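>>> Build me a model:
(chains A and B)
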Amino acid sequence: MDFKPQASTAGPSPADWNPDADDTLICVDVHQETHDVKTFTFASPDGRQFGFLAGQYFLFDLELGGDAESRCYSVSSSPCRKNAISITVKRVPGGKVSNWLHDNLSPGVHVRANGPLGRFVRPSGRKFLFLSGGSGITPVMSMVRELADTSEPADAVFMHAGRTPKDLIFREELAYLANKLKALRLHFLPEEVAGERNWPGLSGRISREFLGLAVPDLAERIVMCCGPAPFMAAARRNTAELGVPSSNYIEESFDAAALEEDVLPVSDPVESATFKVEFSKQSRTIDVSGEQTVLSCAKKSGVRIPSSCANGLCGTCKSKLVSGTVDMKHSGGIRQREIDAGFFLPCCSKPLSDLVIDR
Amino acid sequence: MLQTFSSSISPLLDARADGHSLPQGLYTRTDVFEADVEVFFRRHWICIGLECDVPEPGDASVIEIGNSSLILLRDDDEQIRVVHNVCRHRGSRLLDPGTTVVSKLVCPYHQWTYELSGELSYAPHMGIDFDKSCKNLKPVNFKSIGGLIYVCLSDNPPEDIARLEQVMAERLAPYDIRNAKVAFQSDVIEKGNWKLTIENNRECYHCSANHPELCVSFVDLDFGFDPTSLSPEDRKEAEQHHALYAERTKTWEAEGHPSSAVEPVIDGATNFRSQRLIIAGAGESQTPDATAASAKLLGSMKRKDLGDMHLWGHNSWNHFMGDHAVTAIVIPLSADRTLVRTKWLVHKDAVEGVDYDLDKLTSVWLATTDQDAELVARSHAGIEDPAYEPSAYSRFTEGHLDQFATWYINRMRAHGL
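As a prediction, this is how the structure comes out:
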């Protein structure tokens, strides 16, 4: 292990991590958060300090058995603690990267990473709802840790949904912070109470009724949401119905990485079920789950859509979305003005509702 | 000296008499047309469009010159790019002629995908060892001169474009053509040789009889007259007009608006002419009543009385006025077909129906362009007739045609023909 911690009091302050020049991190700690979630803490081998905003992520380039894999992971630690950054990763059955991290990443191991990246950061404002599902907790955890470190007088409701009480990440720390921070209110929402029969609160999926009761002043809050796409879709719809203007609803817009392997079930049965996707010109309707891309299901069902890269890069599959909404993670193959005109790329879009496509 | 090479076109060039129109074959023969495209549209700087043809990132416009197809686009950094419309895989055209919006440049044949910089970013099924770096789209040599896009398809572009650049960058600056808006575009295919299109544009001998709309704002006296043909009254008017010109040019220049004629039209490779012309009548703009068509003036223009900054090249003509500009490019299609693409530009924030009336903006040059197409067709048809023989240009009104024909012969010679 060649990491040399910087003495915090002696000598000049160490240089900052420079995203253009620095790309190596060294793992300095691994911490088991829950039965299937670990937090990995990294430092710069040169002792550089990290400057980032709560909510930002790092892109990790990993060599897994000869294959190059890239994943984005939000930083879960506080931006006020600059010597190291932490990411918090859930092990997913069959998940290539999450399993590798859980099984192989230990103190002393070097990894390549770029960052900080991303624009999921708190806007100016005093009242927030931090809303997360599963491992989507990481960027908002960074935010609440920052509030604790800075003593910023923000009024924050922190709501976290998980499968069962034992899946609630950072449960003890959040309880401690809620005890310490005057203006932090905490709501955990396990889907089932399995394993903790005496769970004192409600259980179930996020819903309009639950949000209305738990956060009566929801409409006055800025909502910062991160979780699997169907969870965010339900959150977006429910909060909108409860009066949150879309300008005050902010969601982490990547899920290709940290959340791609996450299959947290969500509140609304419609959301977690499959959607009807109609191809109007071919008079075909197929079922597509919220976890699959429109293109991959179309191909399997024999629906014809021209395509090539399957990655949101080339735009060959560009199609008119007549109705419905999708969660699209493109790589530059479509312009915002085309999106505004109703087009989308089926190769990198998962349905958030029933769809009608002009194909 | 031993003549080692003489093209079949050479005798036609030899046959051109000073002061006379060109021999028939230079207007009609296919081999001459092909040589013209090669010499004047590939080895000289030509104007192909405007920055404001592609106002937003992802806007692309395809222009075809002979066998070449060029993509003018604006990349994600808001920079103008011009690339060849030829996929580096098997040569397929990437985009169709006309304008479109692209996120990447994707070949419709096998989906080779290029960044707007021309860089090849995705080439499916070419293997892991395939070197994409040497397969970027070929860039085209171009210059944006005051927002006008000039390209040269030769590897040795004429260096005297610097003169045009130096003169026009200053003259065009206040009009901010880069940030103007194309309010209207018209494509007219004239049934004539491209040189007849240019010749027709270089003289206003024909104006008073053929362009009643344009003559409201145009001063045909600017384009020459035979003093003996004028009535005493007209002659007096002409003299007054010339005195006014001298005075107006002096005033404009004193106020910091370059106005006097710059005209390298015979010597050198890059043929152009620029001068600030007086607008007749109300004096503001080339409209049916010579008043401004747009209430929002171009760029940083503060006044409407700065006349008409005109610019000719061998494939374009342009009029920049306080409230709007009219630009035209000429693209040869065949020996007897020529595309004239005219654009009307206004301030980018000018709103149709609010700041300007589209009909008032366009009617003069729409009418003029149609009339010119008719004149060029008549001219070409007559020149194809065996009875045609070259004749003398008027030394009073067609001096620019003689200069253009002379320059044409010189440039053909300079390229070995």
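>>> in chain A, which residue is closest to the centre?
The centroid of chain A falls nearest to A:G136 when counting by C-alpha atoms, centre = their mean (3.9 Å).
>>> Name all residues that make contact with the residue nearest to B:S379 when sequence neighbours are not counted.
Take B:S379 and drop its neighbours on the chain: the residue closest to it by C-beta to C-beta, 6 or more residues apart in numbering or on different chains is B:L196, 5.1 Å away. All C-beta atoms are positioned from the backbone trio N, CA, C, and that covers glycine. When contacts are counted by C-beta atoms under 8 Å, 6 or more residues apart in numbering or on different chains, B:L196 touches B:27, B:190, B:338, B:376, B:379-380, B:383.
>>> my guess is the residue nearest to the centre of chain A meets A:F231, correct?
Yes - between A:G136 and A:F231 there is a contact under C-beta atoms under 8 Å: 7.1 Å.
>>> Helix, strand, or coil at the residue in chain A that chain B sits nearest to?
Chain B sits closest to A:S308 of chain A, with a gap of 3.7 Å, by C-beta to the nearest C-beta. Assigned with DSSP: H, G, I helix; E, B strand; the rest coil, A:S308 falls in the coil class.
>>> got a list of what it touches?
A:S308 touches A:314, A:316-317, B:106, B:111, B:113, B:122, B:124, counting by C-beta under 8 Å, 6+ apart.
>>> try A:T239
Going by C-beta under 8 Å, 6+ apart, A:T239 touches A:129, A:131, A:211, A:218, A:223, A:225, A:249.
>>> Kindly report the same for A:V111.
Going by C-beta under 8 Å, 6+ apart, A:V111 touches A:24-27, A:42, A:60-62, A:105.
>>> same thing but at 7 Å, please
A:25, A:27, A:60, A:62 (C-beta atoms under 7 Å, 6 or more residues apart in numbering or on different chains).
>>> For the second one, give its distance to A:T39.
If I follow you right, that is A:C27. To A:T39, A:C27 is 11 Å away according to C-beta to C-beta, to the nearest Å.
>>> Equivalent analysis for the first one, please.
In this structure, A:L25 lies at 14 Å from A:T39, with C-beta to C-beta as the measure.
>>> which of the two has more neighbours?
Between A:L25 and A:T39, A:L25 has the larger neighbour count (other C-beta atoms under 10 Å in any protein chain shown), namely 26 against 19.
>>> which residue sits closest to that one, ignoring its sequence neighbours?
A:F42 (3.9 Å).
>>> before we move on, what about A:A15?
Excluding its sequence neighbours, the residue lying closest to A:A15 (C-beta to C-beta, 6+ apart) is A:R48, at 5.3 Å.
>>> neighbours around that neighbour, how many?
Neighbourhood size, A:R48 [other C-beta under 10 Å]: 18.
>>> OK, contacts around residue 318?
Looking at chain A here, since you left the chain open. Contacts of A:K318 (C-beta under 7 Å, 6+ apart): A:334, A:343, A:345.
>>> The intended chain is chain B.
B:310-311, B:325-327.
>>> same thing but 6 Å
B:311, B:327 (C-beta atoms under 6 Å, 6 or more residues apart in numbering or on different chains).
>>> Quick check on it: phi, psi?
phi -150, psi 150 (degrees, to the nearest 10).
>>> quick one: the helices in chain B?
Applying DSSP state H to chain B gives helices spanning B:10-15, B:24-28, B:30-36, B:161-172, B:194-202, B:207-210, B:232-254, B:358-384, B:399-414.
>>> Could you dump these into CSV with mean pLDDT and distance to B:F272 added?
Shown next, in CSV, are the helices of chain B (pLDDT from 0 to 100; distance: least, C-beta to C-beta, whole Å):
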stretch, mean pLDDT, distance to B:F272
helix B:10-15, 95, 23
helix B:24-28, 98, 22
helix B:30-36, 97, 18
helix B:161-172, 97, 5
helix B:194-202, 97, 12
helix B:207-210, 91, 21
helix B:232-254, 89, 19
helix B:358-384, 98, 20
helix B:399-414, 96, 11
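>>> that older thread, which pLDDT value belongs to the residue of chain A closest to chain B?
pLDDT, A:S308: 90.
>>> Quick check: closest non-adjacent residue to it.
Nearest residue to A:S308 in three dimensions, chain neighbours excluded: B:Q111, at 3.7 Å (C-beta to C-beta, 6+ apart).
>>> Tell me how far the one you found lies from B:P124.
On the measure of C-beta to C-beta, B:Q111 and B:P124 end up 6 Å apart.
>>> got the contact list for B:A123?
Neighbours of B:A123 in contact, by C-beta under 6 Å, 6+ apart: B:112, B:132.
>>> For stretch A:17-27, give the mean pLDDT please.
89.
>>> any idea how far it is from the chain center?
Taking C-alpha atoms, centre = their mean, to the nearest Å, the mean C-alpha location of stretch A:17-27 is offset from the chain mean by 22 Å.
>>> Can you give me the buried ones in that stretch?
By neighbour count with 16 or more other C-beta atoms under 10 Å in any protein chain shown, stretch A:17-27 contains the buried residues A:17, A:22, A:25-27.
>>> isn't B:R88 right next to B:C134, touching?
No - taking contacts as C-beta atoms under 6 Å, B:R88 lies outside contact range of B:C134: 8.6 Å.
>>> what about these two, which has more around it?
Ranked by neighbour count (other C-beta under 10 Å), B:R88 and B:C134 place B:R88 first, with 20 against 7.
>>> quick check: domain ranges of chain B?
Chain B breaks down by the TED database into domains covering B:46-157, B:176-415.
>>> who touches the residue in chain B positioned nearest to chain A in this structure?
At 3.7 Å from chain A, B:Q111 is the closest residue in chain B, using C-beta to the nearest C-beta. Residues near B:Q111 by C-beta under 6 Å, 6+ apart: A:308, A:314, A:316, B:124.
>>> Next, count neighbours for A:I169.
If you count neighbours by other C-beta under 10 Å, A:I169 ends up with 23.
>>> Quick check, pLDDT for it.
96.
>>> Any residues of the stretch 51-200 of chain B in contact with chain A? List them.
B:58, B:103, B:106, B:111, B:113, B:122, B:124 (C-beta under 6 Å from any C-beta of the partner chain).
>>> Quick check: residues of chain A near chain B?
A:308-309, A:313-316, A:333-335.
>>> Could I get the pLDDT score of the residue sitting furthest away from the middle of chain B?
In terms of distance from the mean C-alpha position of chain B, B:I128 ranks first, at 46.5 Å (C-alpha atoms, centre = their mean). pLDDT, B:I128: 80.
>>> can you confirm the residue nearest to the centre of chain A is in a helix?
Yes - the assignment for A:G136 (three-state DSSP) places it in a helix.
>>> so who does it touch?
Counting by C-beta under 6 Å, 6+ apart, A:G136 has contacts A:226-227.
>>> before we move on, what about B:E398?
So B:E398 contacts B:E203 (C-beta under 6 Å, 6+ apart).
>>> Quick check: phi and psi on it?
Main-chain torsions, B:E398, degrees, to the nearest 10: phi -130, psi 30.
>>> Tell me the pLDDT of it.
Predicted confidence (pLDDT) for B:E398: 95.
>>> Give the next helix or strand downstream of the helix or strand of chain A with the lowest mean pLDDT.
Here the helix or strand of chain A ranked lowest by mean pLDDT, DSSP states H and E is helix A:269-272, holding a mean of 44. The first helix or strand that comes after helix A:269-272 along the chain, using DSSP states H and E, is strand A:274-279.
>>> So for that following strand, what gets flagged as buried?
A:274-275, A:277-279.
>>> and those as CSV, adding pLDDT and distance to B:R16?
Converted to CSV, the buried residues of strand A:274-279 look like this (pLDDT from 0 to 100; distance: C-beta to C-beta, whole Å):
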residue, pLDDT, distance to B:R16
A:T274, 85, 78
A:F275, 92, 74
A:V277, 95, 70
A:E278, 95, 69
A:F279, 95, 65
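>>> Name the nearest of the residues you listed relative to A:S74.
A:F275 (27.3 Å; C-beta to C-beta).
>>> Bridged to the closest one, which residues?
Judged by DSSP bridges, the bridge partners of A:F275 are A:V288.
>>> That'll do, ta.
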